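Chemist: with the sequence up front, the predicted model follows.
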Amino acid sequence: MVLSVKLIAIRKVEDMKKTFLTKVVALAFTAVFAVSAFSVNCEAAYHTSAEGQKRQLTAEEIAALKTIFKADQYAAYYPDVVDVLGEDETSLFNHFISFGIWEERQPNVAFNVDVYASENYDLQKAFGGDLMSYYNHYINTKNEYRRVPAPADALRNGYTIYSVYDFVQGQIGPQKGAVPVLTPDYHPGITL
């Protein structure tokens, strides 16, 4: 009788361990799946927006962008590009006009298109998510006083930065459901 009670107790403990382990594994799987699904959906939304904007730049646009592109600064910001292309100014500029601009990479330390779009409400309404319109405006109105803080400065001042692709023409502020790319509490790669 004592032996059978001990065996029953041991089996109950083993069953509890299996149940606990099953729950832990299920919870871990659920967490991994949720994070993966969220990441994939966010990445897909970004690529959809960027790909929707990507187009062949005109010769005039390329010439205008060349006036604000600083190869040494671009190289310092994006070592991943330097690892593949080296530090040749022409190669870096070609990367910027072919890929970097659509990926919202900065052409120099003084201009960040996401900060420019996020901090100029009149431009959000006029341009929406048209990335090149923000660049053209910046290049053509450099003498006009517009606050264009660097991302770190914008974050230190408590600004929330959205992707330029999150704005809708005719509307002030980002589209509903837009997730900021940088906030004072979330700023990967930027030291405050």
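Modeler: That came through, no problem. The shown structure was predicted, so the numbers you read here are calculated from the model rather than taken from an experiment.
Chemist: how near is residue 113 to residue 182?
Modeler: 13 Å (Cβ to Cβ, to the nearest Å). The way it works is simple: take the backbone N, C-alpha and C, and place the C-beta from them, glycine included.
Chemist: what strand or helix carries the spatially closest residue to residue 77 that is not a sequence neighbour?
Modeler: Nearest residue to residue 77, sequence neighbours excluded (Cβ to Cβ, 6 or more residues apart in numbering): residue 106, at 5.8 Å. Using DSSP states H and E, residue 106 is not contained in any helix or strand.
Chemist: got a list of what the residue nearest to residue 161 when sequence neighbours are not counted touches?
Modeler: Excluding its sequence neighbours, the residue lying closest to residue 161 (Cβ to Cβ, 6+ apart) is residue 182, at 4.1 Å. Going by Cβ atoms under 8 Å, 6 or more residues apart in numbering, residue 182 touches 114, 151, 154-155, 160-161, 190.
Chemist: with residue 69 instead?
Modeler: Contacts of residue 69 by Cβ under 8 Å, 6+ apart are 93, 96, 107-108.
Chemist: flag the least confident of those residues.
Modeler: Within the contacts of residue 69, pLDDT reaches its minimum at residue 108, with 91.
Chemist: may I have the beta-bridge partners of that one?
Modeler: Beta-bridge partners of residue 108, counted by DSSP bridges, are residue 111.
Chemist: gap between it and residue 70?
Modeler: Distance from residue 108 to residue 70, by Cβ to Cβ: 4 Å.
Chemist: between these two, which is the more surrounded one?
Modeler: When neighbours are counted by other Cβ atoms under 10 Å, residue 108 and residue 70 differ, and residue 70 comes out ahead with 18 against 14.
Chemist: dihedrals phi and psi, that one?
Modeler: Residue 70 adopts backbone torsions of phi -120, psi 110, taken as degrees, to the nearest 10.
Chemist: also residue 53?
Modeler: Backbone torsions of residue 53, given as degrees, to the nearest 10, read phi -90, psi -30.
Chemist: quick check, it in contact with residue 131.
Modeler: Yes: using Cβ atoms under 8 Å, residue 53 is in contact with residue 131, at 5.2 Å.
Chemist: give the residues shared as contacts by those two.
Modeler: In contact with both residue 53 and residue 131: 102, 165, using Cβ under 8 Å, 6+ apart.
Chemist: who has more neighbours, the two?
Modeler: Comparing residue 53 with residue 131 by other Cβ under 10 Å, the one with more neighbours is residue 131, at 24 against 16.
Chemist: can you pull the contacts of residue 120?
Modeler: Going by Cβ under 8 Å, 6+ apart, residue 120 touches residue 146.
Chemist: ok, it to residue 139 distance?
Modeler: 14 Å.
Chemist: so where does the spatially closest residue to residue 170 that is not a sequence neighbour fall, helix or strand?
Modeler: For residue 170, ignoring the flanking residues on the chain, the nearest one in space by Cβ to Cβ, 6+ apart is residue 125 at 6.1 Å. Following DSSP H and E, one finds residue 125 within helix 121-127.
Chemist: many thanks, I have nothing further to ask.
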